[in-house]
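> need a structure here:
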Amino acid sequence: PRLLLLDSLLQELTSLQLHSVTMLIDKPGLLAVIKVEHLFLPSGRKNQALLEQTDLHKYQEEHKIPDNFCRKNKESNIQMKFSCWPCRIVIESVVALRDHLSGGKHLENAANPVDNSEYFIDTALNGNWKKRKGVKRPLEETRLSKRERTKENKLARSIPILTQYTEEKYEETETYFENGLRKVRPYHFTFTTHAKGRWVGDKLFDVFAREFRAMEPKEYARCIEAGLVRVNDKASSVDYRVQNNDFISHTVHRHELPVTEQKINIINEDDDWVVVDKPGSIPVHPCGRYRHNSMTFILAKEHGLKTLQPVHRLDRLTSGVLIFSKSAAKARLMEQLITAREVEKEYVCRVVGEFPEEEIVCEEPIEVISYKIGLCVVDPKGKDCKTTFQRLEFKNGVSIVKCWPKTGRMHQIRVHLQFLGFPITNDPLYNSEIFGPEKGKGGDLGKSQEQLVQDLIKYHTVENWINSDEYEPSEIVNESGEIRKTEVIQNLDKIEKVQSETKEEASIKTKKQKLSDDLEICDPFCDPHCGECKLAYKDPPPETLVMYLHALKYSGDGWAYQTEMPKWATFL
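A predicted model of the protein is given here:
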């Protein structure tokens with residue numbers, strides 16, 4: 001009898017504990033339980049049908065909510081989710097819901113409810129909240145820009161804010177010009193970042209090997225063991241598990257890639273804005289292997305235009321209209337105009353083939369499948385996109401086409417042109433046979449997305465210009481002085497052989513093959529532990545410094561900025 005009584009008490013206690021856990025909220029009108037069915041449309045695109053929606057407070061009075069409540073039933077394709085009305089988001093796990101309910105953002109939104117009449121749950125986009133069509137987003141004067149919100153979040157979490165543009169950093173190296181190129185002498189630099197959410201719990205070495213490609217994985221391991229990679233200003237190890245809010249730094253001997261020496265033409269400058277005609281090959285802001293050879297640094301160092309804030313971006317190889325703001329307030333205003341799609345963008349490009357004479361509208365969704373190498377493809381799971389095209393000229397198998405992107409997705413114009421079968425003639429990424437014999441026309445990749453990413457990573461690794469993002473394959477000079485094309489790299493089965501050959505040829509072109517210790521000490525720009533200091537890379541050919549895509553005009557209500565038509569955009 002005692003054992004039976006004890007068992008009964010334990011069952012009652014377990015039931016009470018479970019019930020206390022599942023009582024997630026104590027009043028109605030805040031959250032809903034939504035029941036959705038995962039579907040595949042005839043086009044192959046994924047969709048979600050909203051079947052039921054019940055107030056969570058009422059639902060939890062009649063049902064238990066276990067931790068696996070949101071797990072999708074594989075047989076019926078039914079999934080339960082939570083929808084937060086004050087925050088206008090959909091949550092897909094009980095654990096995430098508990099964290100959300102205790103968060104400051106939810107508590108603030110719940111205390112200051114907003115009108116949700118202009119919004120609906122878009123089940124076609126993973127059940128997310130979305131603004132109804134035809135309703136423009138208001139220009140909220142008090143709304144902070146993304147940059148300002150990031151700053152406030154760091155201050156609230158006591159995360160140090162690092163100064164990006166200072167006189168000391170402008171003077172950390174020298175710029176010189178050679179063979180039509182702007183070059184930067186090597187210098188020591190410390191990369192810093194705070195741990196991203198997806199890194200937490202992973203080994204430090206695994207994070208570097210997965211997320212970055214400036215070095216080989218074994219070199220990252222050497223840097224960690226040598227103390228060049230530090231966590232919270234302390235030496236770490238390859239097996240260290242990254243924690244939330246970790247401050248990670250990596251000191252390197254930085255070799256920037258050269259860019260064109262073409263002069264930056266200032267289209268307009270007033271009290272609020274600076275508008276320039278960006279040359280191809282120069283990135284907008286520091287990224288990857290570019291820092292002093294970026295638009296923000298060049299304008300600051302050579303034109304005295306410091307603390308400029310770019311309000312939109314162009315790809316590194318794309319030229320044309322680039323708008324900077326002189327204040328955070330004006331940057332916020334322009335960002336809101338672009339977000340509300342009240343800025344019209346007009347581009348011109350040169351494509352392969354005879355583009356149709358009639359206007360073509362492409363609305364294929366685009367998804368980023370690799371942030372590591374910056375690769376996008378047309379995919380039903382991607383974000384909504386719209387680009388309008390109109391042919392201007394056609395001659396000798398090449399067309400000049402104007403483009404009006406309505407949305408602003410990554411590589412949007414380039415990916416849509418590839419999908420239509422008319423890639424930009426010298427696009428080093430999307431006009432490549434690595435996408436298959438059709439070069440990605442109609443979304444046909446000829447392989448899985450995962451294999452495509454791996455092939456592209458291998459392809460760029462064996463180039464003489466390592467880690468050069470989108471540089472076109474160019475010539476390598478071997479020991480006998482012969483010139484051979486790296487097009488042999490297209491045969492990916494021979495990748496290892498070509499890679500070893502490239503290393504042998506590169507070793508021949510050293511600054512003195514094996515530099516003496518005395519010379520390394522005397523050269524202030526040489527680091528004896530830097531592998532790149534012992535290699536001399538060839539200069540990129542001029543044709544690889546520009547892609548035939550140009551931002552011709554940006555305009556809005558009462559304003560417009562425009563450049564001249566580039567020389568390659570006419571056959572006259």
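
> list the buried residues in stretch 211-223.
The neighbour-count check on stretch 211-223 (16 or more other C-beta atoms under 10 Å) flags 213, 214, 215, 220, 221, 223 as buried. Every C-beta, even on glycine, is put in place using the N, C-alpha and C of the backbone.

> no, scratch that, I was asking about stretch 251-263
251, 252, 253, 254, 255, 256, 257, 258, 259, 260, 261, 262.

> out of those residues, which sit inside strands?
Within the buried residues of stretch 251-263, residues falling in strands by DSSP state E are 251, 252, 253, 254, 259, 260.

> export the residues you listed to CSV and tack on distance to residue 567 and pLDDT?
Listed next are these as CSV, based on distance: C-beta to C-beta, whole Å; pLDDT from 0 to 100:
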residue, distance to residue 567, pLDDT
251, 43, 91
252, 38, 89
253, 38, 90
254, 34, 90
259, 19, 95
260, 14, 95
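
> and those residues, which two are the farthest apart?
Largest separation among those by C-beta to C-beta: 251 and 260, giving 29.3 Å.

> residue 356 touches residue 391, doesn't it?
Yes. Taking contacts as C-beta atoms under 8 Å, residue 356 lies within contact range of residue 391: 6.7 Å.

> out of the two, which sits in the more crowded spot?
residue 391 (18 against 15; other C-beta atoms under 10 Å).

> OK, contacts around that one?
By C-beta atoms under 8 Å, 6 or more residues apart in numbering, the contact list for residue 391 reads 355, 356, 357, 399, 400, 401, 402.

> stretch 169-184 spans what distance, first to last residue?
Distance between the boundary residues of stretch 169-184 (C-alpha to C-alpha, to the nearest Å) amounts to 13 Å.

> can you give me the mean pLDDT across it?
Averaging pLDDT along stretch 169-184 yields 91.

> show me which positions of it end up buried.
Across stretch 169-184, burial judged by 16+ other C-beta under 10 Å covers 169, 172, 173, 175, 181, 182, 183, 184.

> and stretch 381-388, how far out from the chain's middle?
Put simply, stretch 381-388 sits 16 Å off its chain's centre (C-alpha atoms, centre = their mean, to the nearest Å).

> show residues contacting it.
Here stretch 381-388 makes contact (C-beta under 8 Å, 6+ apart) with 46, 359-367, 376, 403-407, 409, 412-413, 416.

> could I get the buried residue list for it?
382, 385, 386, 387, 388.

> export only the CA atoms of it, formatted as PDB.
Only the C-alpha atoms of stretch 381-388 are listed here, as PDB (Å, rounded to 0.1, in the frame of the first residue of the first chain):
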ATOM      1  CA  LYS A 381      12.700  28.800 -51.400                       C
ATOM      2  CA  GLY A 382      14.400  32.100 -52.200                       C
ATOM      3  CA  LYS A 383      13.200  35.700 -51.700                       C
ATOM      4  CA  ASP A 384      10.800  37.400 -54.000                       C
ATOM      5  CA  CYS A 385      12.500  39.300 -56.800                       C
ATOM      6  CA  LYS A 386      11.600  41.300 -59.800                       C
ATOM      7  CA  THR A 387      13.800  42.700 -62.600                       C
ATOM      8  CA  THR A 388      12.600  44.300 -65.900                       C
END
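
> for the record, mean pLDDT for that stretch?
For stretch 381-388, mean pLDDT rounds to 93.

> do stretch 37-50 as well
Taken as a whole, stretch 37-50 carries a mean pLDDT of 72.

> and the spatially closest residue to residue 361 that is not a sequence neighbour, bridged to which residues?
In space, and not counting its chain neighbours, residue 361 is closest to residue 388: 5.1 Å by C-beta to C-beta, 6 or more residues apart in numbering. Here residue 388 sits in beta bridges with residue 361, residue 404, as judged by DSSP bridges.

> hang on, the earlier thing: of the buried residues of stretch 381-388, which is the nearest to residue 349?
Proximity of those to residue 349 (C-beta to C-beta) peaks at residue 387, which lies at 10.9 Å.

> quick one: low-confidence residue ranges for the stretch 151-300 of the chain.
Within the stretch 151-300 of the chain, the segments meeting pLDDT under 70 span 157, 159-165.

> which residue ranges of it form strands?
Secondary structure of the stretch 151-300 of the chain (DSSP state E, counting those that start in this stretch): strands at 175-178, 181-184, 187-194, 229-231, 234-235, 247-254, 259-260, 265-269, 273-278.

> now those as JSON lines including distance to residue 320?
Putting those into JSON lines (distance: least, C-beta to C-beta, whole Å) gives the following:
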{"stretch": "strand 175-178", "distance to residue 320": "23"}
{"stretch": "strand 181-184", "distance to residue 320": "19"}
{"stretch": "strand 187-194", "distance to residue 320": "29"}
{"stretch": "strand 229-231", "distance to residue 320": "38"}
{"stretch": "strand 234-235", "distance to residue 320": "46"}
{"stretch": "strand 247-254", "distance to residue 320": "28"}
{"stretch": "strand 259-260", "distance to residue 320": "14"}
{"stretch": "strand 265-269", "distance to residue 320": "10"}
{"stretch": "strand 273-278", "distance to residue 320": "6"}
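
> just the buried residues of the contacts of residue 391.
Using 16+ other C-beta under 10 Å as the threshold, 355, 399, 400, 401, 402 are the buried ones among the contacts of residue 391.

> on the pLDDT front, check residue 58 for me.
For residue 58, the model assigns a pLDDT of 88.

> quick check: phi and psi at it.
Torsion angles at residue 58 (phi, psi; degrees, to the nearest 10) stand at phi -70, psi -40.

> list the residues that contact it.
residue 28.

> could you tell me the end-to-end distance of stretch 287-297?
Stretch 287-297 has an end-to-end distance of 12 Å (criterion: C-alpha to C-alpha).

> ok, and what's touching it?
Residues contacting stretch 287-297 (C-beta under 8 Å, 6+ apart): 165, 170, 173, 175, 182-184, 189, 214, 254-259, 264, 276, 278, 282-286, 298, 301, 308, 310, 316, 322, 467-469.

> could you give the separation of stretch 32-49 from the chain centroid?
That offset, for stretch 32-49, works out to 27 Å (C-alpha atoms, centre = their mean).

> buried ones in that stretch, by neighbour count?
Residues of stretch 32-49 classed as buried: 32, 33, 34, 36, 37, 38, 48 (neighbour count, 16+ other C-beta under 10 Å).

> tell me, what residue is most central in the protein?
Residue closest to the average C-alpha location in the chain (C-alpha atoms, centre = their mean): residue 371, at 5.2 Å.

> mind checking how far it is from residue 212?
Separation of residue 371 from residue 212 (C-beta to C-beta, to the nearest Å): 11 Å.

> same deal with residue 77?
Going from residue 77 to residue 212 by C-beta to C-beta gives 38 Å.

> repeat for residue 288
For residue 288, the distance to residue 212 (C-beta to C-beta) stands at 9 Å.

> before we move on, what about residue 368?
From residue 368 across to residue 212, the span is 17 Å (C-beta to C-beta).

> what about the helices in this protein?
Counting by DSSP state H, the chain has helices at residues 2-22, 56-62, 94-101, 104-111, 146-156, 167-170, 204-211, 217-225, 295-303, 328-339, 412-420, 449-461, 495-508, 517-522.
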